[in-house]
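Colleague: Quick check, what structure comes out for this input:
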Amino acid sequence: MSAFPSIPAKFERPRAGGVDVLILAGEHSGDQHAAKIVKELLTKNPQLKIAAFGGPSLREAGAQLLFDMTGFSAVGIVEVLAAYPFYKKLFSRMVEWTKEWKPGLVILVDYPGLNLRFANELRKAGISVKGGGKTQVIQYVSPQLWAWKPNRRFSMARDLDALGTIFPFEPAVYKDTKLDAQFVGHPFAEPGHHSNLSYDPNGPILLLPGSRPKPVKKIFPTLIEAFALFRKNYPKKRAVVLHTGGAVHAELYRLCAEYGNQAKGIDLHPVGEGDVAASAALVSSGTMSLTVALAGIPGAVVYRANPLTWWVGRRLIAGRIDNLGIANILLKRQAWPEYLQTECEPESLAERLKLCVEDSSVRQSAQADAKELFTLLSAQAGSTPVEWISSFINPK
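Modeller: Numbering: from 1, shown residues only. As a prediction, the model looks like this:
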């Protein structure tokens with residue numbers, strides 16, 4: 001978005017004249033995860049005073065929303081540079097508010113670009129425990145250090161009191177630091193979590209090229225061509241493309257129009273508007289690939305990028321991870337075959353779809369792998385996110 005909201009000269013005072021917990025959640029997903037935690041915390045202790053720089057989900061959960069961080073974004077170099085003065089002012093006033101009210105606990109949810117800078121600022125200001133103050137600072141959801149910027153763990157250990165990870169292998173990444181890192185379970189494996197995806201052998205094919213325009217432009221044409229080849233043998237099959245609206249929807253619509261008859265049978269469906277039961281999926285690497293895997297939907301992970309981007313990316317992660325799909329990383333095998341860059345071709349993907357809908361063993365393996373993933377991602381007794389966070393809360 002090109003327009004940014006106005007930032008108040010001072011954020012409003014805490015409702016009760018003080019604050020026990022301050023939450024920072026700069027994205028929609030973080031806002032939703034944090035909201036669930038707030039609901040549980042307030043159920044346990046209704047007197048708890050919680051403020052947040054987050055979004056509408058946190059406000060609905062009962063937190064005092066100081067500023068909606070989820071209603072704007074800047075994507076791309078030009079947009080980010082143009083938005084720099086806005087972000088600089090916002091960050092400065094967030095820090096000022098925290099210095100003034102000194103919450104007992106600051107919970108940073110995901111969004112490491114902003115959150116870890118915030119933790120560093122609180123340390124330098126002498127507010128946090130690591131800076132000699134009394135405010136504890138913890139991070140919920142680890143940056144993917146196992147893939148990118150592994151040296152960041154040392155500055156995290158310097159600035160944070162503790163880290164709650166959502167993948168069981170992540171605490172080991174921090175073993176050579178003094179940071180207390182604990183696996184607290186993945187939100188998708190929590191009791192009561194509802195996924196909008198499920199498996200149905202008679203359902204449509206899921207085509208999931210990503211949630212940003214550039215990856216969609218690179219990947220979706222191949223998915224269209226793959227589905228067109230597959231549909232020659234299954235003329236009644238349809239495909240569903242989940243999208244987040246805006247520029248992504250516009251790019252998907254443009255490509256469908258450009259490919260004409262090859263895109264026949266493909267329906268664009270907004271994320272969050274009803275559940276989808278699918279028989280197979282072609283999904284770009286990312287969070288959605290894990291959602292598909294946990295639903296037991298057979299398929300494949302696909303990825304295409306600019307050749308230079310691909311070359312640089314592969315060099316950066318060389319020796320650290322063997323697979324791109326998070327489900328495959330967790331299972332330590334390619335349960336969902338990966339078709340990356342030059343291997344991401346329509347003919348190969350069409351054959352994979354055919355195998356998924358015809359071979360019962362492929363379907364059974366996907367269901368078994370989903371159960372194994374769920375077990376791996378489930379929190380151990382006594383170490384859920386709320387239980388972990390509660391151990392740091394001392395109400396004023």
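
Colleague: How is this protein divided into domains?
Modeller: 21-185+379-390, 197-377 (automatic domain parsing).

Colleague: quick one: which of those is nearest residue 14?
Modeller: Nearest to residue 14, of all the domains of the chain, is domain 21-185+379-390, at 5.8 Å by CB to CB. For the C-beta atoms, the positions are set from N, CA and C on the backbone; glycine is no exception.

Colleague: Would you convert the domains of the chain into TSV that also reports distance to residue 4 and mean pLDDT?
Modeller: Converted to TSV, the domains of the chain look like this (distance: least, CB to CB, whole Å; pLDDT from 0 to 100):
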stretch	distance to residue 4	mean pLDDT
domain 21-185+379-390	5	91
domain 197-377	16	90
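
Colleague: Please convert those to a markdown table, extending it with mean neighbour count and distance to residue 191.
Modeller: Putting the domains of the chain into a markdown table (neighbours: other CB atoms under 10 Å; distance: least, CB to CB, whole Å) gives the following:
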| stretch | mean neighbour count | distance to residue 191 |
| --- | --- | --- |
| domain 21-185+379-390 | 19 | 9 |
| domain 197-377 | 18 | 11 |
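
Colleague: Turn those domains into TSV, columns for distance to residue 8.
Modeller: Putting the domains of the chain into TSV (distance: least, CB to CB, whole Å) gives the following:
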stretch	distance to residue 8
domain 21-185+379-390	8
domain 197-377	27
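
Colleague: What residues does the residue lying closest to residue 394 once chain neighbours are set aside make contact with?
Modeller: With CB to CB, 6 or more residues apart in numbering as the criterion, residue 394 has its nearest non-adjacent residue at 5.3 Å, and that residue is residue 104. By CB atoms under 8 Å, 6 or more residues apart in numbering, the residues touching residue 104 are 19, 20, 21, 134, 135, 136, 393, 394, 395, 396.

Colleague: wait, which of these is closest to residue 109?
Modeller: residue 21 (11.7 Å).

Colleague: how much space between the closest one and residue 181?
Modeller: 21 Å (CB to CB, to the nearest Å).

Colleague: In a markdown table: the contacts of residue 104, plus secondary structure and distance to residue 110.
Modeller: Below are the contacts of residue 104 laid out as a markdown table (DSSP: H, G, I helix; E, B strand; the rest coil; distance: CB to CB, whole Å):
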| residue | secondary structure | distance to residue 110 |
| --- | --- | --- |
| 19 | coil | 21 |
| 20 | coil | 21 |
| 21 | strand | 17 |
| 134 | coil | 25 |
| 135 | strand | 20 |
| 136 | strand | 18 |
| 393 | coil | 20 |
| 394 | coil | 24 |
| 395 | coil | 25 |
| 396 | coil | 27 |
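
Colleague: what residue lies at the spatial centre of this protein?
Modeller: Centroid check for the chain by CA atoms, centre = their mean gives residue 287 as the closest residue, at 5.6 Å.

Colleague: can you give me phi and psi for that one?
Modeller: Backbone dihedrals for residue 287, given as degrees, to the nearest 10, come out at phi -60, psi -40.

Colleague: Check the one 10 residues further on too.
Modeller: The phi and psi torsions at residue 297 (degrees, to the nearest 10) take the values phi -90, psi 120.

Colleague: same question, residue 207
Modeller: According to degrees, to the nearest 10, residue 207 has phi -120, psi 110.

Colleague: how near is it to residue 33?
Modeller: Here the distance between residue 207 and residue 33 works out to 27 Å (CB to CB).

Colleague: follow-up on the earlier one: list the residues that contact the residue nearest to the centre of the chain.
Modeller: Going by CB under 8 Å, 6+ apart, residue 287 touches 29, 326.

Colleague: same deal with residue 224?
Modeller: Residue 224 neighbours (CB under 8 Å, 6+ apart): 207, 255, 256, 259, 262, 263, 266.

Colleague: Could you report the separation of it from residue 154?
Modeller: Applying CB to CB to residue 224 and residue 154 gives a distance of 45 Å.

Colleague: next one: residue 184
Modeller: 22 Å.

Colleague: Ok, residue 285 next?
Modeller: From residue 285 to residue 154 the distance is 27 Å (CB to CB).

Colleague: same thing with residue 129?
Modeller: Applying CB to CB to residue 129 and residue 154 gives a distance of 18 Å.

Colleague: Ok, residue 201 next?
Modeller: Distance of residue 201 to residue 154, given as CB to CB: 49 Å.

Colleague: just residue 21 next, same as before
Modeller: For residue 21 relative to residue 154 (CB to CB), the value is 27 Å.

Colleague: cool, and residue 215?
Modeller: Separation of residue 215 from residue 154 (CB to CB) stands at 31 Å.
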